[in-house]
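> Using only what follows, build the 3D model:
(chains A, B, C and D)
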Number of protein chains: 2
Amino acid sequence: MANLKQLAQSLGLSITTVSRALDGYADVSASTRERVREAADKVGYRPNASARRLRRQRAELVAVTLPSDPGHIGPPHFLDMLSGCAEHLAAAGLNLVIAPVPRGESELDICRRFVDGRRVDAMLLVRTKRKDERVEFLQSRGIPFVTNGRTESLMPHPYIDGDGFAGFRAATLRFHAAGHRRIGHIAGPQEYYFAHDRCRGWRAAMEECGLATDLYAEGAPLEQGGYLAALELLRQPSRPTALVCATDEMAIGALRALREVDGGNQISIVGHDDLPMGAFTSPPLSTMRMTGENLGASFASLLLRAIAGEPAEELQELHAIEFVDRDSHRRPLRAA
Amino acid sequence: MANLKQLAQSLGLSITTVSRALDGYADVSASTRERVREAADKVGYRPNASARRLRRQRAELVAVTLPSDPGHIGPPHFLDMLSGCAEHLAAAGLNLVIAPVPRGESELDICRRFVDGRRVDAMLLVRTKRKDERVEFLQSRGIPFVTNGRTESLMPHPYIDGDGFAGFRAATLRFHAAGHRRIGHIAGPQEYYFAHDRCRGWRAAMEECGLATDLYAEGAPLEQGGYLAALELLRQPSRPTALVCATDEMAIGALRALREVDGGNQISIVGHDDLPMGAFTSPPLSTMRMTGENLGASFASLLLRAIAGEPAEELQELHAIEFVDRDSHRRPLRAA
DNA sequence: CTTGACTCCCAAAACGTTTTGGAGAATCTT
DNA sequence: AAGATTCTCCAAAACGTTTTGGGAGTCAAG
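Numbering: from 1, shown residues only, chains lettered A, B, ... in the order given. Okay, the predicted model is just below:
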């Protein structure tokens, strides 16, 4: 209820002095500062956010656009990431607003609305595509942003990403070393950078080993997509003995296909994301995950540094992928 | 870049007229209105959000507090709900900000910050406790809010909840009708309303059937909690033949315990939430879910109506629970 | 006594919008 | 033809803060 004017009046001081006292300026005496602070605490004064934002020309807000398509939004721990990010942004006085894409609008429309209405100081982009129009738009407007996932944009921009190429190459080589020769890949939609990157890793390893890359199937990055893709691979005349899946959700769908077609437990499989659920599937799902603690905090830090004006080149984090050894990747290899 | 002043100048009109033209007031002629609209479109004018908020005395923001504890935030489809809610709020010009609880602060502190700093027009509360201090605070401040889950607050407040009592009672009676007599309950932390409500449903059914309620174990509402709770029940001298679990995540943890101890497939089990993952477990997990389409839209609608001043009594939705018949709830019943 | 530095405070402007309360011109009514 | 009404438009106030550019005092040095 209280605003600066009322508070100042009750103290017999000017608005200016009260404002500066609360902000800790040196040009107000220690005694008045204390007096002001006490009075402010007593009436529970908090500056009106809108007024401050208008005057300071800052929105104190960061938006993250949530892709609506297809199905789930990122891996299930995505919300944990957002939450961590929001928490660290809050420490710097910024709040995180979520911006889903209403039907009939594009993700670009959303960016436009937020940026041109000066509703945000920065943006967080997830689920980047290889060619991502949002990135181009934000670069043209000069608004700070960070992406989760790289893009093929020519101009560098801040991002955090996992080295899917290296991770999937290593996983494929691991299968090869274990004796597998028919190693299939269940891929996500190739327009997404992460899906393409992971696919490239598998492909590179296969070619290094002199193996054909025909055991390939693509699907939506969900259980159902993995299920259908796995069925497709299992129909091939020469079945795979091992499967490298673009995501854990797809791998879990594939596990179901294996159970149905194969009785299960015959084909080795590995996913990516380290979903908590993976420890509880049957067999427990071996997987990969991006190294690094508290991804949300990293995003927050990059966003703050981008807002502070650091150049994009210094705000790019490529994290190694580590293997999570459960059980599903070492099914006994039958003689070919 | 453009503001009202510049736009007005370039058109040779006053700020007032331009503003009212864009807002579609009748007291500006159709021709000027059109002229103004065209010019605004051309320069891509969008009103400055902060200025509008200050003048209108509305934050155009709704906050949802994210509990940080324990572990996951709500069921995995929680983000879908938030996204749907944000989408419908956006259609009314409101954005949804997520407000995680930093360590060292309480959920109450967050509410205070948002409400007293006039940063929001309303709040969305999730994971209500039976006695929830946030509810009391918001009621005392007279700020509109909606909770996901009821509370034991004496003053009525808007909520959306599933009828966990009826759902769990029905599930327990179903097991009884199938011949089960030793029906266990894996419960969530009882301070949460939903956990308590579901537990009461199981307990009521057991008592109606004249069965003892000693097969009870409590745990964190996560896979691990369900796993440990199930192990506890399986250690009892007289094992349960069926398990009613407070959440799917707990049920999935319990499934793992059953596999380890029992070889699996001997004990019937049912969860709640209808996680997509449940269709892919082994055996596929029978579960329950709240009826009703697009929960997020319902929350948005209730929030808007609460902001519009409708009384709390008319903003309470209790949804029926429906059974989702997969396979895990009809394991063959061995002779006792 | 004057000057300069320093301390503590404040009036006023500014941020960009919406809204209030008319003003002037044109049109209608009688 | 005069008054009433309707159409268009606008100046100015207001929202609550931060920041600019001083203005009184006080004190020490010259």
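
> all strands for the stretch 51-200 of chain A, in order.
Using DSSP state E, counting those that start in this stretch, the strands of the stretch 51-200 of chain A run over A:61-66, A:95-100, A:122-126, A:145-148, A:159-162, A:183-187.

> what's the most buried one of those?
strand A:183-187 (a mean of 28; mean count of other Cβ atoms under 10 Å in any protein chain shown). For the C-beta atoms, the positions are set from N, CA and C on the backbone; glycine is no exception.

> Who are the packing partners of it?
Helices and strands touching strand A:183-187, by 3 or more Cβ pairs under 8 Å, 6 or more residues apart in numbering or on different chains; DSSP states H and E, are helix A:164-177, helix A:193-208, strand A:216-218, helix A:223-234, strand A:242-245, helix A:248-262.

> let's see 10 Å
If you count contacts as 3 or more Cβ pairs under 10 Å, 6 or more residues apart in numbering or on different chains; DSSP states H and E, strand A:183-187 packs onto helix A:164-177, helix A:193-208, strand A:216-218, helix A:223-234, strand A:242-245, helix A:248-262, strand A:268-270.

> Just give the number of residues close to the residue nearest to residue A:48 when sequence neighbours are not counted.
For residue A:48, ignoring the flanking residues on the chain, the nearest one in space by Cβ to Cβ, 6 or more residues apart in numbering or on different chains is residue B:118 at 5.3 Å. For residue B:118, the neighbour count with other Cβ atoms under 10 Å in any protein chain shown is 22.

> these two touch, right, residue B:118 and residue A:45?
No - under the contact definition of Cβ atoms under 10 Å, residue B:118 does not touch residue A:45, with a separation of 11.5 Å.

> returning to that earlier point: relative to residue A:134, which of the helices and strands packed on strand A:183-187 is closest?
Distance to residue A:134, taken as Cβ to Cβ, is lowest for helix A:193-208 among the helices and strands packed on strand A:183-187, at 12.7 Å.

> Now do the same for the closest one: mean pLDDT, whole number.
Regarding helix A:193-208, the rounded mean pLDDT is 98.

> can you check stretch A:311-324 too?
Here the average pLDDT along stretch A:311-324 is 97.

> could you dump that stretch to CSV, C-alpha only?
The C-alpha trace of stretch A:311-324 is given here as CSV (Å, rounded to 0.1, in the frame of the first residue of the first chain):
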residue,chain,number,x,y,z
PRO,A,311,30.9,-10.8,-26.7
ALA,A,312,29.1,-13.9,-28.0
GLU,A,313,32.4,-15.8,-28.5
GLU,A,314,33.0,-15.9,-24.8
LEU,A,315,29.6,-17.1,-24.0
GLN,A,316,29.6,-20.5,-25.7
GLU,A,317,29.8,-23.7,-23.6
LEU,A,318,30.2,-27.1,-25.2
HIS,A,319,29.9,-29.8,-22.6
ALA,A,320,31.3,-33.3,-22.9
ILE,A,321,28.9,-36.2,-22.8
GLU,A,322,29.5,-38.9,-20.3
PHE,A,323,28.3,-42.5,-20.5
VAL,A,324,26.0,-43.8,-17.8
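
> Contacts only, for the closest residue to residue A:51 other than its chain neighbours.
Counting by Cβ to Cβ, 6+ apart, residue A:51 lies nearest to residue B:54, which is 5.2 Å off, once chain neighbours are set aside. Listed by Cβ atoms under 10 Å, 6 or more residues apart in numbering or on different chains, the contact set of residue B:54 reads A:48, A:49, A:50, A:51, A:52, A:53, A:54, A:55, B:48, B:118.

> Among those, give me the pair with the biggest separation.
Once Cβ to Cβ is applied, the contacts of residue B:54 give B:48 and B:118 as the farthest pair, at 17.5 Å.

> Hmm, residue A:85 and residue A:91 touching each other?
No - assessed by Cβ under 10 Å, residue A:91 is found out of contact with residue A:85, at 11.1 Å.

> Mind listing the shared neighbours of those two?
Listed as contacting both residue A:91 and residue A:85 by Cβ under 10 Å, 6+ apart are A:297, A:300.

> Looking at the two now, which is surrounded by more residues?
residue A:85 (29 against 11).

> per-residue confidence at the residue nearest to that one when sequence neighbours are not counted?
Closest residue to residue A:85 apart from its sequence neighbours, by Cβ to Cβ, 6+ apart: residue A:296 at 3.7 Å. Per-residue pLDDT puts residue A:296 at 95.

> Next: residue A:132.
Residue A:132 is given a pLDDT of 96.

> Wait, it touches residue A:152, no?
Yes - assessed by Cβ under 10 Å, residue A:132 is found in contact with residue A:152 at 8.3 Å.

> Which among the strands of the stretch 51-200 of chain A is found nearest to DNA strand C?
strand A:61-66 (15.7 Å; Cβ to the nearest atom of the strand).

> Now do the closest one against strand B:95-100, angle only.
If you take axes from the mean of the first three to the mean of the last three Cα atoms, to 10 degrees, strand A:61-66 sits at 100 degrees to strand B:95-100.
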